[in-house]
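Q: Kindly generate the corresponding structure for this input.
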Amino acid sequence: MSWTDAFRNRAVFVTGHTGFKGSWLALWLHRLGARTTGYALPAPTTPSNFATSGVEALLSRHTKADVRDAKRLTEAMRECRPDVVFHLSAQALVRQSYQEPHETFETNVLGTANVLEAVRRLARPCAVVIVTSDKCYENRFAERRHEELDPFGGRDPYSASKAAAEIVTESYRASFFPPEEAHAHGIKVATVRAGNAIGGGDWAQDRIVPDTIRALASRQPLKIRNPKAIRPWQHVLEPLSGYLMLAARMLEVDDPRLCGGWNFGPRAEDEATVRRLVDFLVSDWHGGPYECTNGNDREPFEESCLRLSAEKAKARLGWRARWRFEEAVRRTSRWYKKFHANPTRLTRDSCLQDIQDYETAFVNEIGTLQPALEHPHYAY
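A: Have a look, this model is predicted:
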C-alpha cells in the first residue's frame, strides 16, 4: 500500500491547521481523501494561507479554540474520534518567545499535555504525531548534525518550551501508551523535529522569508540580521511528507520503534546561511542591495548554527528530502510572485500544484511504504 493511500476516509484531527504548516497539511490531507477536523485559534496573520487557500471549505469540522482549553479540546477530539492526530498548535517564533515567555510555555508545553491527555481520555486506538522543532536539542556543538538521541535543551524560551514538550510526550508515552504494548492499547505516539520550513503562505513577523518578501514586494529597504547564521532550510512539504509517512506506518503496523523521536531535515549540503537564502530571493525578484545589521548586544539570543540529521528516517522509513535548496527557494519565490500578481485570487491551486509535483518526485523514486529496517544505532 502506498503511504498516500493510508488516509483515505480516515478521521484526522489537526491542531494548528490555521497556521503556515498546518494549512499546508490540511490541504494535503484533503487531497489524500481524509476527513479532517481542524482545531486552532484564528489564523495568526493577515493574510494567511488558511484564508487565501480557502482551507476551511475543505474541512469536515473547523473548531476555533485554544489548545490550552483542555475541556474544549477533549470535546472536539471526542466528536472527531480520530484515527490520526497531528499536533501542530504552537507559539512558533523565537523572538516572540522573549516577549511572551509565559504564553509560549503555556501553549507549547501545557498545550501538548492537553492533547495527550485528550488522547488518553478518549482511549481510542490512533496514531499521534506531536510536532516539536529542531531547536529542541541542546546545541552544544555547531559542527555536528543533531540526532534523535541527543539531549534536549534550549537557551531561549521557544527552544526550551519545545524541549519540554518532548519530555512531556515521553512521559505520557512511557506512562500510558507503552510502545511495546501498542498491540493491546492501540495508541502510538511519536514526536517529529523538522528544519526551517519555507514555502508560500507564510506571513509571520520576524521570519526571514516573509520579511524578505514583504520588503521586495513593497520596494522597501531590506535589513537582515545574523546573515552568517546557518539553518537547515527545506520546503514545507518535505517535513510534512515525513509526518504523513510516519503516521501511515503507525496505522499499518505495531512496531514499537516507530514510537519515538524523528528528524526530518534536508541533506547536509542543503544547509545554508541566511545570506545565501536572501541572495537567492533578492536575485529572483530583481531586487537591489540590502543591509546586514549583524545584530547587537540588545538583540535576543538566537543560535548561530543549527544542523539536523535525518539518517534515522532514511533507514527506518525510506524517507529523505527530495527538493534541493535551490528548488525549495525557487518554488517559494514563485508562489509569492503569483500571489502578489493577483492578491484576490485563491492560492489553493498554487499549493496543490506544489503538492502534486512533490508527490510525483516522491513516487518516481520510492512510492510505497517500506518495511521497517533493523538499525541497531537507533532506539525508540
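Q: hey, let's count contacts and neighbours off CA atoms from now on
A: OK.
Q: Please report the number of neighbouring residues for residue 260.
A: Residue 260: 22 surrounding residues under other C-alpha atoms under 10 Å.
Q: actually residue 269, not the one I wrote
A: 9.
Q: how much space is there between it and residue 242?
A: Distance, residue 269 to residue 242, using C-alpha to C-alpha, to the nearest Å: 19 Å.
Q: Can you pull the poorly scored residue ranges out of the stretch 151-300 of the chain?
A: 294-298 (pLDDT under 70).
Q: Let me see the ranges of the helices in it.
A: Using DSSP state H, counting those that start in this stretch, the helices of the stretch 151-300 of the chain run over 157-176, 182-185, 208-218, 237-252, 274-284.
Q: Residue 323 is nearest to which of these?
A: Between residue 323 and the helices of the stretch 151-300 of the chain, the shortest separation by C-alpha to C-alpha is 7.8 Å, and it involves helix 237-252.
Q: Show me what the closest one is packed up against.
A: Secondary-structure packing of helix 237-252 (3 or more C-alpha pairs under 8 Å, 6 or more residues apart in numbering; DSSP states H and E): helix 20-31, strand 126-131, strand 187-194, strand 261-264.
Q: The second one pairs with which strands, parallel or anti?
A: Partner strands and pairing direction for strand 126-131 (DSSP bridges) are strand 84-87 (parallel), strand 187-194 (parallel).
Q: Now render the ones you listed as a markdown table, adding mean neighbour count and distance to residue 126.
A: A markdown table is the format used below for the strands paired with strand 126-131 (neighbours: other C-alpha atoms under 10 Å; distance: least, C-alpha to C-alpha, whole Å):
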| stretch | mean neighbour count | distance to residue 126 |
| --- | --- | --- |
| strand 84-87 | 25 | 5 |
| strand 187-194 | 26 | 5 |
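Q: what would these look like in TSV with distance to residue 33?
A: As requested, those are exported to TSV (distance: least, C-alpha to C-alpha, whole Å):
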stretch	distance to residue 33
strand 84-87	13
strand 187-194	22
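Q: mind checking which of these is nearest residue 122?
A: Closest approach to residue 122 among the strands paired with strand 126-131 is made by strand 187-194 (10.4 Å; C-alpha to C-alpha).
Q: The nearest residue to residue 194 once chain neighbours are set aside - how many residues pack around it?
A: Closest residue in space to residue 194, ignoring its immediate chain neighbours: residue 264 at 4.9 Å, by C-alpha to C-alpha, 6 or more residues apart in numbering. Per other C-alpha under 10 Å, the neighbour tally for residue 264 reads 29.
Q: Now do the buried residues in stretch 96-115.
A: Across stretch 96-115, burial judged by 16 or more other C-alpha atoms under 10 Å covers 96-97, 101, 103-115.
Q: same question, stretch 128-147
A: By neighbour count on 16+ other C-alpha under 10 Å, the buried set for stretch 128-147 is 128-139, 145-147.
Q: For the residue nearest the centre of the chain, report the pLDDT, please.
A: Compute the mean C-alpha point of the chain, and by C-alpha atoms, centre = their mean the closest residue is residue 21, 5.5 Å away. At residue 21, the model reports a pLDDT of 98.
Q: so who does it touch?
A: Residues near residue 21 by C-alpha atoms under 8 Å, 6 or more residues apart in numbering: 88, 236, 240.
Q: Could you double-check that the last one lies in contact with residue 25?
A: By that I understand residue 240. Yes - counting by C-alpha atoms under 8 Å, residue 25 is a contact partner of residue 240 at 6.6 Å.
Q: Of these two, give the one with the bigger neighbour count.
A: Taking other C-alpha under 10 Å, residue 240 and residue 25 do not tie; residue 25 has more neighbours (25 against 20).
Q: any idea how far the more buried one is from residue 14?
A: For residue 25 relative to residue 14 (C-alpha to C-alpha), the value is 9 Å.
Q: for residue 332, same thing?
A: Taking C-alpha to C-alpha, one finds residue 332 at 24 Å from residue 14.
Q: Compare the two and say which one has the larger neighbour count.
A: Set side by side, residue 332 and residue 14 show more neighbours around residue 14, with 27 against 22, by other C-alpha under 10 Å.
Q: Can you tell me the element that one falls in?
A: Counting by DSSP states H and E, the element that carries residue 14 is strand 11-15.
Q: quick revisit: for the residue nearest to residue 194, give me its contacts.
A: Residue 264 makes contact with 192-195, 238-239, 242, 308-310, 313, 320-321, according to C-alpha under 8 Å, 6+ apart.
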